[in-house]
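Peer 1: Just a sequence and a predicted model for now, questions to come.
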Amino acid sequence: MSFLFGGGAEIDILLDDAASRKQAEIKTEDGKKEKLYLFYDGESISGKVNVTLKGKRLEHQGIRIEFVGQIELYYDRGNHHEFTSLVKELARPGELANSTSYPFEFQNVEKPYESYTGANVKLRYYLKVTITKRLTDTTKEMDILVHTLSHYPEVNSSIKMEVGIEDCLHIEFEYNKSK
């Protein structure tokens, strides 16, 4: 059948700093544990997409990578809410004659929420590569984990207390808490 539709392709997403980037373990829906790369709000995401041909050539209508943040409600599986979506075109429509590698970078990406998997909802971030073809698209997703660092305002760390006799004697105490 590959002579009708052109050969297929295998997609791999590799991050530039994969060797040094922290990984965190999460539980998947079916209870298994999975290790994902850890990112923070405002960090850039860069790497390369390797497209390995299974046949001699691949005719496509374009290759793109997306960075997506979405919320999935388990009781409403078909309906996802995307709160972040960035797209980069990797290749214009054409034909691939050999396996190719495409660099990508999403600079200073805003990731407003933390990744979360709960009983009723899942908030996830992922990279998705799509090779658009005539009949069926080839896609590959790579989940990433996001932690947000919160800066809490400093509380006034001193305690003041005033004691005394009205209109006669007043003593004021101030106690500074040291951090």
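Peer 2: Ah, there it is. Numbers count the residues shown, from 1 in each chain.

Peer 1: all helices in the chain, in order from the N-terminus.
Peer 2: 2-5 (DSSP state H).

Peer 1: What is the least confident helix or strand in it?
Peer 2: Lowest by mean pLDDT, DSSP states H and E among the helices and strands of the chain is helix 2-5, with a mean of 47.

Peer 1: so where is the chain shaky, pLDDT-wise?
Peer 2: 1-7, 150-157, 177-179 (pLDDT under 70).

Peer 1: tell me, what residue is most central in it?
Peer 2: By CA atoms, centre = their mean, the chain has its centre lying nearest to residue 125, at 3.3 Å.

Peer 1: any idea how far that residue is from residue 26?
Peer 2: 12 Å (CB to CB, to the nearest Å). C-beta: built from backbone N, CA, C; applies to glycine.

Peer 1: Pull up the overlap in contacts between those two.
Peer 2: The contact sets of residue 125 and residue 26 overlap at 115, 145 (CB atoms under 8 Å, 6 or more residues apart in numbering).

Peer 1: residue ranges for the strands of this structure, please.
Peer 2: 9-15, 23-27, 33-40, 45-53, 58-60, 63-73, 80-91, 94-96, 100-106, 116-117, 121-131, 138-147, 158-165, 169-176 (DSSP state E).

Peer 1: Excluding residues flanking it in the chain, which one is nearest residue 103?
Peer 2: residue 48 (4.9 Å; CB to CB, 6 or more residues apart in numbering).

Peer 1: how many neighbours does the one you found have?
Peer 2: 16 (other CB atoms under 10 Å).

Peer 1: Beta-bridge partners for it, please?
Peer 2: residue 14, residue 103 (DSSP bridges).

Peer 1: Would you mind confirming that it makes contact with residue 102?
Peer 2: Yes - in this structure residue 48 lies within contact range of residue 102 using CB atoms under 8 Å: 6.3 Å.

Peer 1: Which residue comes closest to residue 33 once chain neighbours are left out?
Peer 2: Closest to residue 33 by CB to CB, 6+ apart is residue 25, at 5.1 Å.

Peer 1: swap in residue 97?
Peer 2: residue 57 (5.3 Å).

Peer 1: neighbours around the one you found, how many?
Peer 2: 12.

Peer 1: again with the one 4 residues further on
Peer 2: Other residues near residue 61 number 13, with proximity taken as other CB under 10 Å.

Peer 1: next one: the one 5 residues further on
Peer 2: Per other CB under 10 Å, the neighbour tally for residue 66 reads 18.

Peer 1: partner residues bridging it?
Peer 2: residue 87, residue 128.

Peer 1: got the contact list for it?
Peer 2: Here residue 66 is in contact with 85-88, 127-130 (CB under 8 Å, 6+ apart).

Peer 1: Mind checking which of these are buried?
Peer 2: Buried members of those, scored by 16 or more other CB atoms under 10 Å, are 127-130.
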